[in-house]
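A.B. asks: sequence first, then the predicted structure, then my questions.
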Amino acid sequence: MQDTVCCGCSVVCDDVAAKVTKTGIQSLGLCALGHAYYSSIRSQTRLKKAQMKAKSTSAKTIPFKKAYEEASSILSSSQRPLLIGWSNSPIEVSHLGLKLAKSLKGVYDSTASFEYGQLRQHKLVGGETGTVNLEDIRNLADFIVYWGVNPAESHHRHASRYTVFPTGEKIPEGRESRTVAVLDIRQTESMRLANHQLILEFKNGDEQFLTTLLTEIKGTTGTPPVKVGGIPAIEFLSFAKQIQEANYIAIFYGNGLLHSPHASKTLPLLSKVARVLNKKSRPCVTLPMVAYCNSIGVVTASQTDTKIPYSVDFNRQPPRPYKSVFKGLIANEFDAALIVGWDPLSMLPAPIARALEKIPLITLSTHPSLTTRESTVVIPTAVTGVETTGVVYRMDGSAVPVQPITKPPANIPTEVQVLEQLASWLAVL
Amino acid sequence: MVDKKLNPMQLYKLLPQTNCKQCGMTCMAFATRLALREVELKDCPPLHENPQYATQLATINELITPLLAAEETGVKLDDTMCTGCGNCVVVCPVDASAEPDTASGKAARSTDTVFRVENGTAKIINLEKCRRFPPDRMNCRVCEQGCYVKAIEIW
């Protein structure tokens, strides 16, 4: 078996091995999600040939050359193209995407605009210092909080690899040396591991809990309420006491907090809690549990190339931040879209997906999806990390180089090759 | 189907019952200690040397196969529920001594550990090393407690 780096989720496990056999994939250390990701390369339904379809007709197979020609003619005739996706691909692809967006005077956006990018405003990534490393958390963190996220379903190896179970420099006994709190609005599998299993009220439990926690940490005296965000005061106080006694606190929060209607209030509050704890010499880091293997890399690429973390409008020079791609789609501002390694039609809210569906779509994808079904041109690509090389940025922002373990079948190009081809076709047109 | 727990009387009936003491004890004592895994079957020479005990030997061997011993420790891993998170690999104290990297969160890669995640699900590859086995016979339940999805069951 060959050592490999898994790009199945944002944990990017680098201690695993896999081998491609005639019957399928053999792996060691990969979780169910990772194994499925690797196995997908041998999937029966995998896209192997480029496809094209006119509106309301069925797709027909076309040669790659024709696909590049069609795609580039759509892009070049577009007044305002949208280039979106990127989080499932290595950072090199993002850099090429930014270049392409610049030459097309289009709008470049990634999943980060609604997943991770906005958190920079709240200084929520890595707390005050802006840097955090999962290895540090493994070595030092004795208080772990999962807030609005269920790693048992989304990031299988997160707890066993970095946060709850492993031993570290200051964590001699692993699980026994740590206190774990899981906050959610329902009972989750992750709560089985927790010392504090806190089920918050659905309406605005997060906000109430954070406000009270902040006053408690600041040491402001007040009458303790009977219930804090749906949690009995005694449980809240025990949590607040232990978090203040911890030597290193790591707070992981997910979509439950990020996408709640109260996010605009809760995220700054969480950031304040981290800041106050830091001031009290209790190092506290906060980290979003992003979904894709390169969710952080897309922001890094955009930041390096344009100094704008996400949603970049290249219509004028210098590039400037674009207001909101979702609003732009609803207002029919775009007349073509290039989608790279993402399935927006099945993920975005219906009105936005419908607006996106109306314009000609060029999709780079490994497998069929709702988006490929509705796309004008579909170009199949190799699977990141299994068949392609590159660098991805895992959830803490560490760059991890990935190497392929096999070659893509039937001359399927990598995303880098496709984008280079498109760029050269566009130069000719 | 044999009982989950080995019964010394059941073993005694299959032994030669001659009290020859070549093993250093009586047949009944040997049966008791065999049930506790404190002696091995090869310590009883007549059973192996005399062809008239061949069928009894086969039966005893069947009784004390590792599979049966596995059932005796009462650890069951349901791989249809397992998500391959590796919590069991990391918490298991035997894994930590067999492959020290697993204690700090790394995946088990050798064949010496009790648990190993293969093809996306955890497998018990060396159950006889489990601390619930003799000679330790500890009531260790860390893997069961660490499992997200209750895929590990200990009784």
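C.D. replies: All right, it came through fine.
A.B. asks: run through the strands of chain B in chain order.
C.D. replies: Using DSSP state E, the strands of chain B run over residues B:75-77, B:115-118, B:121-124, B:152-154.
A.B. asks: in the first one, what's buried?
C.D. replies: To tie it back to what came earlier, the one meant is strand B:75-77. B:75, B:77 (16 or more other CB atoms under 10 Å in any protein chain shown). For every residue, glycine as well, the C-beta is placed using N, CA and C.
A.B. asks: what helices or strands is that strand leaning on?
C.D. replies: In terms of contacts (3 or more CB pairs under 8 Å, 6 or more residues apart in numbering or on different chains; DSSP states H and E), strand B:75-77 is packed against strand B:121-124, strand B:152-154.
A.B. asks: ok, now how distant is the closest residue to residue A:336 other than its chain neighbours from residue A:359?
C.D. replies: Nearest residue to residue A:336 in three dimensions, chain neighbours excluded: residue A:78, at 3.7 Å (CB to CB, 6 or more residues apart in numbering or on different chains). Separation of residue A:78 from residue A:359 (CB to CB, to the nearest Å) stands at 9 Å.
A.B. asks: now do the shared contacts for those two.
C.D. replies: Here residue A:78 and residue A:359 share the contacting residues A:334, A:335, A:336, scored by CB atoms under 8 Å, 6 or more residues apart in numbering or on different chains.
A.B. asks: give the buried subset of those as a PyMOL selection command.
C.D. replies: Buried members of the shared contacts of residue A:78 and residue A:359, defined by 16+ other CB under 10 Å, are picked up in PyMOL with:
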select buried, chain A and resi 334+336
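A.B. asks: please identify the most buried of the strands of chain B.
C.D. replies: Counting by mean count of other CB atoms under 10 Å in any protein chain shown, strand B:115-118 has the highest mean neighbour count of these, with a mean of 25.
A.B. asks: what about the closest residue to residue A:88 other than its chain neighbours, how many neighbours?
C.D. replies: Setting aside the residues directly before and after it, residue A:88 is nearest to residue A:341 in space (CB to CB, 6+ apart), at 3.9 Å. For residue A:341, the neighbour count with other CB atoms under 10 Å in any protein chain shown is 21.
A.B. asks: how about residue A:185?
C.D. replies: Count around residue A:185 with other CB under 10 Å applied: 17.
A.B. asks: tell me where the model's unsure across the chain.
C.D. replies: Just going to use chain A. Within chain A, the stretches with pLDDT under 70 are A:56, A:115-131, A:429.
A.B. asks: please refer instead to chain B.
C.D. replies: Applying pLDDT under 70 to chain B flags the ranges B:1-6, B:37, B:65-73.
A.B. asks: just send the helices and strands packed on strand B:75-77 back as JSON lines, with distance to residue A:20 too.
C.D. replies: Listed next are the helices and strands packed on strand B:75-77 as JSON lines, based on distance: least, CB to CB, whole Å:
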{"stretch": "strand B:121-124", "distance to residue A:20": "19"}
{"stretch": "strand B:152-154", "distance to residue A:20": "30"}
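A.B. asks: wait, is residue A:37 part of a helix?
C.D. replies: Yes: counting by DSSP: H, G, I helix; E, B strand; the rest coil, residue A:37 falls inside a helix.
A.B. asks: nearest residue to it other than its sequence neighbours?
C.D. replies: Residue nearest to residue A:37 in three dimensions, not counting chain neighbours: residue A:8, with 3.6 Å by CB to CB, 6+ apart.
A.B. asks: what of residue B:150?
C.D. replies: In this structure, residue B:150 finds its nearest non-sequential neighbour in residue B:81, 7.1 Å apart by CB to CB, 6+ apart.
A.B. asks: chain B - how does it break down into domains?
C.D. replies: B:8-64, B:73-154 (automatic domain parsing).
A.B. asks: tell me which residues touch residue A:377, please.
C.D. replies: Residue A:377 is in contact with A:50, A:51, A:52, A:67, A:70, A:71, A:74, A:361, A:362, A:363, counting by CB under 8 Å, 6+ apart.
A.B. asks: phi and psi next, for it.
C.D. replies: Here is the backbone geometry of residue A:377 (degrees, to the nearest 10): phi -130, psi 130.
A.B. asks: who does it bridge with?
C.D. replies: Listed by DSSP bridges, the beta-bridge partners for residue A:377 are residue A:52, residue A:362.
A.B. asks: relative to residue A:66, how far out is it?
C.D. replies: Separation of residue A:377 from residue A:66 (CB to CB): 9 Å.
A.B. asks: can you list the residues of the stretch 51-200 of chain A near chain B?
C.D. replies: A:138, A:152-153, A:156-157, A:159-162, A:164-168, A:174-175, A:189-190, A:192-193 (CB under 8 Å from any CB of the partner chain).
A.B. asks: quick check on these: which are buried?
C.D. replies: Neighbour-count burial (16+ other CB under 10 Å) is assigned, among those, to A:138, A:152, A:156-157, A:159-162, A:164-168, A:174-175, A:189-190, A:192-193.
A.B. asks: buried ones in stretch B:81-90?
C.D. replies: B:82, B:83, B:84, B:85, B:86, B:87, B:88, B:89, B:90.
A.B. asks: for the residues you listed, which one is nearest residue B:74?
C.D. replies: residue B:88 (15.0 Å; CB to CB).
A.B. asks: was I right about the closest one contacting residue B:122?
C.D. replies: Yes: counting by CB atoms under 8 Å, residue B:122 is a contact partner of residue B:88 at 5.5 Å.
A.B. asks: need the contact list for residue 28.
C.D. replies: Looking at chain A here, since you left the chain open. A:1, A:16, A:17, A:18, B:107, B:108, B:109, B:116, B:117, B:118.
A.B. asks: to clarify, I was referring to chain B.
C.D. replies: Neighbouring residues of residue B:28 by CB under 8 Å, 6+ apart: B:8, B:12.
A.B. asks: that one and residue B:62, how far apart?
C.D. replies: 21 Å.
A.B. asks: swap in residue A:42?
C.D. replies: To residue B:62, residue A:42 is 40 Å away according to CB to CB.
A.B. asks: got it, and residue A:188?
C.D. replies: Residue A:188 sits at a distance of 44 Å from residue B:62 (criterion: CB to CB).
A.B. asks: who has more neighbours, these two?
C.D. replies: residue A:188 (21 against 11).
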